[in-house]
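K.L.:
Below are the sequence and a predicted model; questions follow.
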Amino acid sequence: MGIVDEDIARVRESTDFVAVVGEHLALRRVGSRWVGLCPFHTEKTPSLSVNGELGLYYCFGCGARGDAITFVREVEQLDFVEAVEKLAARAGITLRYDSAEGGRDRQRKNRIHETLEAAVEWYHQRLLSAPDAAAARSYLRRERGYSGDVVRRYRLGWAPQPRDALISGLGRPIGDLVEAGLAVLDASGRHVDFFRGRILFPVFEAGGRPVGFGGRMLPGGYPPKYKNTPATPVYEKSRLLYGLNWAKKSVVERGRVVVCEGYTDVIGLQEAGITEAVATCGTALADGHIRLLTNFARRLVLAYDADAAGQAAAEKFYEWEKRYQVDIRVLALPAGSDPADAARSDPDLLIAAVEEARPYLGFRLERLFARSDLASPEGRSRAAGSAMSMVAEHPDELVRDQYVMQIADRCGVDPERLRSLRAPAASAAAPVDAETPARPPVGGPELEALRMMVHRRDEVAARLAACLFPNPLARGAFELLSATPGVHEAVETADPQTADLLLRLAVEETDAEPDDVVRLLVKRCVEGEVSNLERSLRQAAPADQAQYAQLIAWLTRGLQQLRAEHPDQRPAVAEAEQRLVAWLAERRGGT
């Protein structure tokens with residue numbers, strides 16, 4: 001599908017390019033050009049030059065260049081057609097398509113946006129004036145401290161309790177409501193409102209068009225506490241951030257974005273003056289979010305308990321920092337406090353916490369030291385060992401060495417002694433039989449996968465295999481969990497060291513994403529095999545080298561497919577994962 005070339009040319013000619021760029025970054029005039037800080041890389045001195053007459057830009061720092069369509073595509077992570085449509089709507093141009101199917105798809109999305117816009121306004125007016133919204137208004141005023149201005153600014157709404165209030169009140173075709181995620185079929189086959197008895201937080205794309213809602217139940221209402229719009233052609237939660245439409249100007253100006261977990265956190269932070277706040281929409285921070293945010297800023301400040309997911313989160317954050325050249329930091333909040341609470345009770349303290357946010361590894365170490373006994377030699381030794389395990393996860397040797405010095409200072413240990421440490425010894429909580437040789441401790445994605453097998457088996461069991469666990473202790477634990485109904489039965493038949501591991505996992509929690517954990521396991525195993533094959537290739541006779549090279553190339557393509565991020569590529573990603581796991585199982589044994 002494509003747009004008629006003549007219409008694309010009209011869009012370029014009709015676009016006020018300086019105004020478009022100015023929505024994303026501050027520009028100042030220098031002669032006949034405009035200059036500003038490039039949104040595509042981190043810089044302190046402006047290197048982006050904009051020619052408003054020609055509608056072109058060029059960055060002398062990173063080489064980014066293009067026209068208005070290119071700029072909108074890169075900044076807002078749109079495809080070509082979406083970028084042209086956005087600029088056409090801005091210029092009041094009606095587009096023609098060279099494919100009837102493509103035109104229908106765009107019309108469908110536009111119809112969904114229009115339906116959602118009508119729903120946003122309908123729900124908003126209900127909250128402002130309907131008698132049945134009195135409890136919602138009282139909750140927002142008394143519990144959240146929201147004034148009428150705040151309710152209007154964020155276009156909050158109220159979904160009435162009756163089963164078809166929106167369906168009958170909005171007067172839109174039922175098909176449009178279903179496509180927009182606003183209506184569903186109930187058990188009796190009757191269409192009912194998707195949201196009922198909830199305060200609604202409209203979610204907008206970066207450009208300002210509504211794409212869905214987050215619904216919060218009132219105290220004493222019907223669970224779940226939060227309910228989000230289901231996936232639709234315009235609502236993909238792994239690529240959406242609540243509040244970005246309001247925050248993007250501040251994000252660009254301040255060079256950072258503050259990422260929260262909840263809608264009320266965003267409103268609290270923005271009202272407290274931290275106007276660069278956004279939130280994920282009922283999901284963990286994902287690659288799609290990072291790619292979107294790097295178009296606006298390179299510093300990400302996490303305003304939630306980023307230590308909860310432990311090592312799995314660490315590996316994900318470090319990978320993002322390397323791949324996307326971002327600086328991930330964490331702000332420290334008082335125990336039991338969330339950003340929304342802090343914004344109301346002490347906004348100045350919250351602003352200071354954002355300014356003083358630490359790099360992720362530094363934050364984790366401070367949390368460790370805070371709960372450690374640093375007054376005794378034994379406590380300092382334990383803290384140093386645990387801290388070194390955290391530091392060992394970081395991929396940058398220079399960064400690791402800097403933290404070694406900090407650990408040595410806090411724990412009163414010679415830095416050279418710390419540098420000589422290897423992975424910490426296995427827990428002494430349970431003795432190991434003399435007949436069972438001690439196996440190295442389990443860490444990284446293997447540990448996270450086992451944790452998910454204990455607590456969320458249905459989500460990962462079908463995708464895991466013994467070949468993904470090179471650590472013998474981890475492999476034994478996985479095989480036991482796979483062969484028994486649950487952790488209790490596995491512990492009963494396990495050797496002491498495996499039983500100790502399983503029991504420890506049973507009292508830990510995980511909020512990791514299954515896709516992240518499984519694919520990281522596959523990625524690590526395949527990369528290890530590629531390294532082995534490359535060594536074999538170097539040592540092989542000339543006649544055998546082609547076979548090794550072909551296998552390495554096949555595995556490398558599989559790894560590239562595994563990293564694909566667009567929702568349309570999910571079937572290919574899943575197929576690549578299955579294919580690589582099958583190959584590993586054949587090579588290593590263990591299904």
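P.N.:
Looks like it came in fine. Since this is a predicted model, take the numbers as computed values, not measurements. Numbers count the residues shown, from 1 in each chain.
K.L.:
show me where the stretch 151-300 of the chain has helices.
P.N.:
Assigned by DSSP state H, counting those that start in this stretch, the stretch 151-300 of the chain shows helices spanning 165-170, 174-179, 244-254, 263-271, 287-293.
K.L.:
For those helices, please prepare a markdown table with the additional fields distance to residue 528.
P.N.:
Just so you know, the C-beta spots here come from the backbone N, C-alpha and C atoms, and that holds for glycine as well. Listed next are those as a markdown table, based on distance: least, CB to CB, whole Å:
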| stretch | distance to residue 528 |
| --- | --- |
| helix 165-170 | 54 |
| helix 174-179 | 46 |
| helix 244-254 | 38 |
| helix 263-271 | 40 |
| helix 287-293 | 22 |
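K.L.:
Tabulate the ones you listed (CSV), appending mean pLDDT.
P.N.:
What follows is the helices of the stretch 151-300 of the chain, written out as CSV (pLDDT from 0 to 100):
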stretch, mean pLDDT
helix 165-170, 96
helix 174-179, 96
helix 244-254, 88
helix 263-271, 95
helix 287-293, 88
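K.L.:
who wins for proximity to residue 502 among those?
P.N.:
Proximity to residue 502 (CB to CB) singles out helix 287-293 among the helices of the stretch 151-300 of the chain, at 31.3 Å.
K.L.:
tell me what the closest one is packed against?
P.N.:
Applying 3 or more CB pairs under 8 Å, 6 or more residues apart in numbering; DSSP states H and E, one finds that helix 287-293 contacts strand 241-242, strand 256-260, helix 310-324.
K.L.:
Reformat the ones you listed as CSV; add distance to residue 535.
P.N.:
Formatted as CSV, the helices and strands packed on helix 287-293 follow (distance: least, CB to CB, whole Å):
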stretch, distance to residue 535
strand 241-242, 43
strand 256-260, 41
helix 310-324, 24
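K.L.:
Save the ones you listed as TSV, and put in mean pLDDT and distance to residue 37 too.
P.N.:
Below are these laid out as TSV (pLDDT from 0 to 100; distance: least, CB to CB, whole Å):
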stretch	mean pLDDT	distance to residue 37
strand 241-242	96	21
strand 256-260	95	13
helix 310-324	80	17
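K.L.:
Next, format these as a markdown table and append distance to residue 176 and mean neighbour count.
P.N.:
Formatted as a markdown table, these follow (distance: least, CB to CB, whole Å; neighbours: other CB atoms under 10 Å):
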| stretch | distance to residue 176 | mean neighbour count |
| --- | --- | --- |
| strand 241-242 | 23 | 28 |
| strand 256-260 | 32 | 27 |
| helix 310-324 | 37 | 19 |
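K.L.:
Where does the prediction get shaky in the chain?
P.N.:
1, 77, 99-103, 305-312, 335-336, 421-439, 507-509, 567, 590-591 (pLDDT under 70).
K.L.:
Got the domain ranges for it?
P.N.:
5-91, 103-235, 239-364, 372-419, 444-506, 514-588 (automatic domain parsing).
K.L.:
need those in JSON lines with distance to residue 97, can you?
P.N.:
Listed next are those as JSON lines, based on distance: least, CB to CB, whole Å:
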{"stretch": "domain 5-91", "distance to residue 97": "9"}
{"stretch": "domain 103-235", "distance to residue 97": "4"}
{"stretch": "domain 239-364", "distance to residue 97": "24"}
{"stretch": "domain 372-419", "distance to residue 97": "46"}
{"stretch": "domain 444-506", "distance to residue 97": "40"}
{"stretch": "domain 514-588", "distance to residue 97": "19"}
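K.L.:
How many residues are close by the nearest residue to residue 565 once chain neighbours are set aside?
P.N.:
Leaving aside its sequence neighbours, residue 565 sits nearest to residue 287 (CB to CB, 6 or more residues apart in numbering; 4.9 Å). Neighbours of residue 287 under the rule other CB atoms under 10 Å: 19.
K.L.:
I'd like to know how far residue 287 sits from residue 239.
P.N.:
From residue 287 over to residue 239 the distance is 9 Å, taken as CB to CB, to the nearest Å.
K.L.:
what is in contact with those two at once?
P.N.:
Shared contacts of residue 287 and residue 239 (CB atoms under 8 Å, 6 or more residues apart in numbering): none.
K.L.:
For the one helix or strand residue 71 maps to, name the packing helices and strands.
P.N.:
Using DSSP states H and E, residue 71 sits in helix 68-76. On a contact count with 3+ CB pairs under 8 Å, 6+ apart, helix 68-76 meets helix 5-14, helix 17-22, helix 80-91.
K.L.:
how about the ones you listed in a markdown table, adding mean neighbour count?
P.N.:
Output for the helices and strands packed on helix 68-76, formatted as a markdown table (neighbours: other CB atoms under 10 Å):
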| stretch | mean neighbour count |
| --- | --- |
| helix 5-14 | 15 |
| helix 17-22 | 19 |
| helix 80-91 | 19 |
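K.L.:
now the angle from the strand or helix carrying residue 529 to helix 310-324?
P.N.:
Secondary structure from DSSP H and E places residue 529 in helix 514-539. Interaxial angle, helix 514-539 versus helix 310-324 (axes from the mean of the first three to the mean of the last three CA atoms, to 10 degrees): 70 degrees.
K.L.:
May I see the buried residues of helix 514-539?
P.N.:
514-526, 529-530, 533, 537 (16 or more other CB atoms under 10 Å).
K.L.:
all helices for the stretch 351-500 of the chain, in order.
P.N.:
Using DSSP H, counting those that start in this stretch, the helices found in the stretch 351-500 of the chain span residues 360-370, 377-392, 397-411, 415-419, 444-455, 457-460, 472-483, 487-493, 496-506.
K.L.:
most packed of these?
P.N.:
helix 444-455 (a mean of 23; mean count of other CB atoms under 10 Å).
K.L.:
Just the C-alpha atoms of that helix, please, in CSV.
P.N.:
Only the C-alpha atoms of helix 444-455 are listed here, as CSV (Å, rounded to 0.1, in the frame of the first residue of the first chain):
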residue,chain,number,x,y,z
GLY,A,444,21.5,-14.5,35.6
PRO,A,445,18.7,-15.5,33.3
GLU,A,446,18.9,-19.2,34.4
LEU,A,447,18.0,-18.2,37.9
GLU,A,448,15.2,-16.0,36.7
ALA,A,449,13.8,-18.7,34.4
LEU,A,450,13.8,-21.2,37.4
ARG,A,451,12.0,-18.5,39.5
MET,A,452,9.3,-18.3,36.8
MET,A,453,9.1,-22.1,36.6
VAL,A,454,8.3,-22.1,40.4
HIS,A,455,5.8,-19.2,40.4
